[in-house]
Structures are given as structure tokens and as C-alpha cells.
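>>> sequence first, then the predicted structure:
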Protein chains: 2
Amino acid sequence: MSALILDGKELAKTMKEEVLAAVAEFKAAHGYAPSVAIVRAGEDPASVSYANAIRKTFEGAGMGFALHALPESASQEEIVRVVAGLSADPNVHGIMVQEPLPKGIDEAVVKEAIAPQKDVDGVHPVNTGRLAQVAPAGRPAGVLDFFVPATPAGGMEILKRYKVELAGKHAVVVGRSNIVGKPMALLLLRENATVTLAHSRTADLAGVCRQADILCAAVGKAGLIKGDWIKPGAVVIDFGVNFVEGKMVGDVDFASAVEVAGAITPVPGGTGPMTNIMLMLNVLQAARLLVR
Amino acid sequence: MSALILDGKELAKTMKEEVLAAVAEFKAAHGYAPSVAIVRAGEDPASVSYANAIRKTFEGAGMGFALHALPESASQEEIVRVVAGLSADPNVHGIMVQEPLPKGIDEAVVKEAIAPQKDVDGVHPVNTGRLAQVAPAGRPAGVLDFFVPATPAGGMEILKRYKVELAGKHAVVVGRSNIVGKPMALLLLRENATVTLAHSRTADLAGVCRQADILCAAVGKAGLIKGDWIKPGAVVIDFGVNFVEGKMVGDVDFASAVEVAGAITPVPGGTGPMTNIMLMLNVLQAARLLVR
């Protein structure tokens, strides 16, 4: 038996059309485009290439894009000054600060310089905190508006669009990064799943994974999770982006997993293509928040 | 076999001496006492009695205490104005807003009016977010200073003082409130436990509990967790405060649990007495933060 492929690439195409329509509607209503500003210090190759990809996506969608590239030698005060300036600039709706920042810069201070209502990457602790405090689905939220990091938001969107039932299910999230694992766990909890957060220190990781009705991998280890770690019929969301001999692979060993899982995201073509879409939606949301 | 009793009452006594010494030292160094201000709107009996208990504890310890009691009819703007005033007042180090607030008041707005560095109850989302983002024990924190709600902080202190090993253990937290369950889960995760958050929608709650090396109950249902839900030798932390026929009982059925668990907090005399101590420590921490 072979699992249903959760086709993130196709879903992202569909959603792209929805985003383009929403952007056009926003521009018609307000006379300007939702805009993102990216702040980078130094020339980390992955950051440069990610910023270029965002520029292409945003400009292609008629959205605003500006890159503020500081030298590797920029001080913390300089970086904070740029971020604070963008936070105060009414023409900037979303702000992203690229990591890694140069050595000696306190990322915590820089993150908190982003105005929470422009924090489209969901890295400011107030946004993390609102997500952590939000009431379960179906109850009044109990918190102010907030942003969710684009990658886990994309994973949740796949689950939602494929109508995967979450309430009462056991979700296991492997990996506890601030940008994927922890927010994914909080999002699943909000949907009333029972949630286990597993990580590098987990004893019997295979056994823990085998309990999952929904298994999410965000650990950055190529093919770590084998088919026999998966409960037959489980839904597998693979956030892993690893390169093996020049080929992009996930954290899940796809060949063995696809024979056991009920549904699975491929890598590439699963969660990856959704990330940019969710980022665009976050910038649109930020622009709308500023209109209010 | 009978479990080791994790004696919160005795531990609180010991820690009280430590707090008194630290308060005396602070006063000697700075010439004033660490102070807390409590804001209440209305006369909810549990809130009134809790505020009185805090007053007694704080005044007994030579710490400052002020109650700002507003009428039940107070508007959101009035409450926010009082909280914002205390946030700006250099003579106030810690602020607590009692819940429930009167109907129609948006608690999210009131919470966010508390200056994060005075939020000794750990209810501002920026403090929740910093806790959620903090790096695992042994690595640089990655976040700015933050406050943890007193009740889960007290549970962690019991685990720490009794030298319960957490890294690599499976911790199950039953209950996902913002004041106990969720922060407790995040604190256990920080100590490198594998953490499962279970709740009212969890399927086979007994089976999930039976997996726990560390089982924490914070659900508010008298005696919900029976001895046969507990793995033999597990450590049980009971945050429940329930009244049955005038008698205070926890969420764990103590009589059956004590025969199975390796160690257990009683109710009363377990996590309860630790809460006030941790609150005093939070106010001391807030006073120190303001000195910097």
C-alpha cells in the first residue's frame, strides 16, 4: 500500500492564486502594495539566496520588497537602529531579520526591536507568547492578533486543506526549534491534538514516533525517521531540508515511509513550497493590521 | 510499597528562610524593600482571600504590598490606566492583576499593559514567549530575562530540590492552562524531558499517563488520576486544588497513587505552599531587575 502524497507544490500553486487576488484587492482598496523589508548583516550564502527567492516571489506578486544589507561588521546598535526605524516606518508592513547575525550580536535584543505587529516571521517573543496562550480552537482566542512562523503555518495549512482530523489525535513533533518544532506543537495543541515534543535527548525515539497519528519531523537529519518508526496509516509531515550528494531530502526516509504512512509530504514538493506562500499571507495580514 | 512524599510544606519553610535572608540583603544594599502591587476589579471571594494571603506573606517577610481595588463597574480603560501607572512607577517592582476581571473586559489587553519586567505572575505574552523560546538547559538562553508563573515554577523547584532526573525522561502534563499546564510543559522541555501535553480531548488519557516517568496533573478534577494510571516508580506532581465535602484534594487519587508512584506531592502540603514562595522570589527578581 502506498501513502497519499500531500502535494504541497500543487497546493502552493492554488494558494498563490488566492494570494495574488487578495493582494490585488488590497491594492485596489488602499492604493499601495503590502511590503516586506528584510534586514541582513553580512553575506551568509544561504541568507543571500533566501532573500533573493523572497524578492522574486514578492515582486512577482506585485508586493513591495526592500533589502537592508548591512556589513558583517555592523554593531548591535546599528542593526537595532535599522530594525527600529523600519518598525516606525508606516510604509513598511512586514519585517524579517535574517539569521545568522554576526558573532557577538545578541539575537534576542534584535528580535525584540521588531514591532510585534510587523513581525511576519513570528520571531518576537510576544508573538510566540500569544500563540502559546491562545485558547483551543472553537473558544474565544484570549490573546491579541499574532503571527505564526511561516514554515509550521504551512504544515498546518496542508493538514487543514487535506482535511486531516486533529482533535483527540496523538501528534508527535520531532525537533524543538523556535522556528518549526515548538510553534508546530503549539498549533497542533490549539487544534486539540494530544501533543508530544520529542528531540535529540528523547529515549526510544522510534517508539515515541510509532505512537503518532500525526508525525511531524523538523530535526534536520536526512532520513532519520524510517518506515518502521511510523504507525500504519499515520499522517507524516516532513519539514526536513537536507542535502545528500546534492539531492534535497527530508528527515523522513521517504521510500520506506511511503509504504507505511496513510499520507505523507514529499521532499521536495511538500512543506517547502508552502513556506513562501504563508510568508506572503503574513505580510498581507501585517498590511491589514496597519490599516485598522 | 509506599511512595516518597515530596514535602512541599517543609521545602517551602526552608526556602522561606532563604527568601527572608535575600530580602534582608536587598534592603541593606538598596535601602528599600521589594514591593508588589495587586490590581483587582470587583470582589470575587477567591481573589479577595488570595490577595489577603499574599499581603500576610509579604508583610510578614518585610516586603512591600499594595492593593489597588477597583469597583466591579470599572471600565477596561480605567483598569489599563491603573496597570500602566504601576508599570511606570519606580517604587513598584512587581504587578499582579487578579482574575477573573469583570465581564466585558478584554483580559488580553489588560495583561499586555503590565510592564514585562514587573510581570511577576508571568502572564504577559512576552514572558510566555521568552519561556517558550528559551534554549535547553546548558546552552546560552537566547532570550532576555523573563518571569515564570509561580505555580509551575514551584513544581519545578520541588523536582530540582529532590534531585529528580528529567533529561531524557518522559514527562506527561495533564491540563493545558496558561498558568500551569503549558508553562510546566515548557519548563520540563527546557530540562530536556520528552514532553506530552494531554488534556480534556485526549483519547485514552489513562494510557498516556501510564507512559509518564514524571506525571504532572493540573486539570482541576478531584481524584481524576488513579493509581492504575501511574507507571510504577513514577514521580507525580499534583497541582490540583479541589474541594470535596470541604476537604482539599488534588487531581490525583492519593490513596491509590501513593502505592504505585515512586514519589508524590500530597495535597495539601505539596505544590501549594511553594506557590507563594516562588511569587516572593519573582518579586525579588523584579526588584533586582529595576536596580540594574
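Looks like it came in fine. Numbering: from 1, shown residues only, chains lettered A, B, ... in the order given.
>>> can you give me the buried ones in the longest helix seen in chain A?
The longest helix of chain A (DSSP state H) is helix A:8-30. Buried positions in helix A:8-30, judged by neighbour count with 16 or more other C-beta atoms under 10 Å in any protein chain shown: A:8, A:11, A:12, A:15, A:16, A:19, A:22, A:23, A:26. The way it works is simple: take the backbone N, C-alpha and C, and place the C-beta from them, glycine included.
>>> is it possible to get CSV of the residues you listed that adds distance to chain B and pLDDT?
Below are those laid out as CSV (distance: C-beta to the nearest C-beta, whole Å; pLDDT from 0 to 100):
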residue, distance to chain B, pLDDT
A:8, 26, 98
A:11, 27, 98
A:12, 28, 97
A:15, 28, 97
A:16, 31, 97
A:19, 27, 97
A:22, 26, 97
A:23, 29, 97
A:26, 26, 98
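>>> circling back to that earlier point, need the contact partners of the longest helix of chain A.
A:33-34, A:61-63, A:154, A:157-158, A:161, A:265-266, A:268-274, A:276-277, A:280-281, A:284, A:287-288, A:291 (C-beta atoms under 8 Å, 6 or more residues apart in numbering or on different chains).
>>> now the buried members of these.
By 16+ other C-beta under 10 Å, these give A:33-34, A:61, A:63, A:154, A:157-158, A:265-266, A:269-274, A:276-277, A:280-281, A:284, A:287-288 as buried.
>>> please, where are all the strands along the stretch 1-150 of chain A?
A:4-5, A:35-41, A:64-70, A:94-97 (DSSP state E, counting those that start in this stretch).
>>> give the contact list for residue A:250.
Counting by C-beta under 8 Å, 6+ apart, residue A:250 has contacts A:217, A:222, A:223, A:238, A:239, A:240, A:241, A:242, A:265, A:266, A:267, A:270.
>>> ranking the strands of the stretch 1-150 of chain A by burial, who's on top?
strand A:94-97 (a mean of 27; mean count of other C-beta atoms under 10 Å in any protein chain shown).
>>> my read is that residue A:242 contacts residue A:224, right?
No. With contacts counted by C-beta atoms under 8 Å, residue A:242 stays clear of residue A:224, the gap being 9.2 Å.
>>> what do the two both touch?
residue A:251.
>>> quick one: which of those two has more around it?
Regarding residue A:242 and residue A:224, a neighbour count based on other C-beta atoms under 10 Å in any protein chain shown identifies residue A:224 as having more, with 20 against 16.
>>> now that one: closest residue in space, sequence neighbours ignored.
Once flanking residues are discounted, residue A:224 sits nearest to residue A:251: 5.2 Å by C-beta to C-beta, 6 or more residues apart in numbering or on different chains.
>>> format the strands of the stretch 1-150 of chain A as TSV; extra columns: mean pLDDT and distance to chain B.
Formatted as TSV, the strands of the stretch 1-150 of chain A follow (pLDDT from 0 to 100; distance: least, C-beta to the nearest C-beta, whole Å):
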stretch	mean pLDDT	distance to chain B
strand A:4-5	98	23
strand A:35-41	98	18
strand A:64-70	98	21
strand A:94-97	98	14
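>>> pick out the residue nearest the middle of chain A.
residue A:151 (1.8 Å; C-alpha atoms, centre = their mean).
>>> if I've got this straight, it is in a strand?
No. Applying DSSP: H, G, I helix; E, B strand; the rest coil, one finds residue A:151 to be helix, outside a strand.
>>> which residues touch it?
Contacts of residue A:151 (C-beta under 8 Å, 6+ apart): A:179, A:180, A:218, A:239, A:271, A:274, A:275, A:278.
>>> tabulate these (TSV), appending secondary structure, pLDDT and distance to chain B.
Formatted as TSV, the contacts of residue A:151 follow (DSSP: H, G, I helix; E, B strand; the rest coil; pLDDT from 0 to 100; distance: C-beta to the nearest C-beta, whole Å):
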residue	secondary structure	pLDDT	distance to chain B
A:179	coil	97	10
A:180	coil	98	13
A:218	coil	98	14
A:239	coil	98	18
A:271	coil	98	21
A:274	helix	97	23
A:275	helix	96	20
A:278	helix	98	19
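>>> now which of these would you call buried?
Counted by 16+ other C-beta under 10 Å, these give A:179, A:180, A:218, A:239, A:271, A:274, A:275, A:278 as buried.
>>> out of those, which is nearest to residue B:40?
residue A:179 (38.9 Å; C-beta to C-beta).
>>> over to residue A:225: give its phi and psi.
phi -90, psi 110 (degrees, to the nearest 10).
>>> ok, what's across the strand from it?
When bridges are called by DSSP bridges, residue A:225 pairs up with residue A:252.
>>> circling back: make CSV out of the buried ones among the contacts of residue A:151 and add distance to residue A:259.
Shown next, in CSV, are the buried ones among the contacts of residue A:151 (distance: C-beta to C-beta, whole Å):
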residue, distance to residue A:259
A:179, 30
A:180, 26
A:218, 22
A:239, 21
A:271, 21
A:274, 24
A:275, 27
A:278, 30
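>>> and the strands in the stretch 151-292 of chain A?
A:170-174, A:194-198, A:214-217, A:235-238, A:242-244, A:247-249, A:263-264.
>>> which one of these lies nearest to chain B?
Comparison of these against chain B by C-beta to the nearest C-beta identifies strand A:194-198 as nearest, at 4.2 Å.
>>> could the strands of the stretch 151-292 of chain A be laid out in JSON lines, adding distance to chain B?
Putting the strands of the stretch 151-292 of chain A into JSON lines (distance: least, C-beta to the nearest C-beta, whole Å) gives the following:
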{"stretch": "strand A:170-174", "distance to chain B": "7"}
{"stretch": "strand A:194-198", "distance to chain B": "4"}
{"stretch": "strand A:214-217", "distance to chain B": "13"}
{"stretch": "strand A:235-238", "distance to chain B": "16"}
{"stretch": "strand A:242-244", "distance to chain B": "22"}
{"stretch": "strand A:247-249", "distance to chain B": "25"}
{"stretch": "strand A:263-264", "distance to chain B": "19"}
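>>> any chance of those in TSV with mean pLDDT and distance to residue B:83 as columns?
Formatted as TSV, the strands of the stretch 151-292 of chain A follow (pLDDT from 0 to 100; distance: least, C-beta to C-beta, whole Å):
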stretch	mean pLDDT	distance to residue B:83
strand A:170-174	98	36
strand A:194-198	98	33
strand A:214-217	98	38
strand A:235-238	98	41
strand A:242-244	96	48
strand A:247-249	97	50
strand A:263-264	98	48
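>>> figure out which of these is closest to residue B:3.
Among these, strand A:194-198 sits nearest to residue B:3 (C-beta to C-beta), with 25.1 Å.
>>> if I look at residue A:129, how far off is residue A:141?
13 Å (C-beta to C-beta, to the nearest Å).
>>> okay, those two: which has more neighbours?
residue A:129 (30 against 15).
>>> wait, that one touches residue B:124, no?
Yes. Here residue A:129 lies in contact with residue B:124, judged by C-beta under 8 Å, at a distance of 7.3 Å.
>>> about what we covered before: closest one to residue A:49 out of the contacts of residue A:250, please.
The closest of the contacts of residue A:250, once distances to residue A:49 are taken by C-beta to C-beta, is residue A:241, at 12.6 Å.
>>> just to check, that closest one is in contact with residue A:265?
No. Residue A:241 is beyond contact range of residue A:265, at 11.9 Å (criterion: C-beta under 8 Å).
>>> give the contact list for residue A:270.
Residue A:270 sits in contact with A:6, A:7, A:8, A:9, A:158, A:237, A:238, A:250, A:264, where contact means C-beta under 8 Å, 6+ apart.
>>> neighbours of the first one, just the number please.
Burial measure for residue A:6: 25 neighbouring residues, criterion other C-beta under 10 Å.
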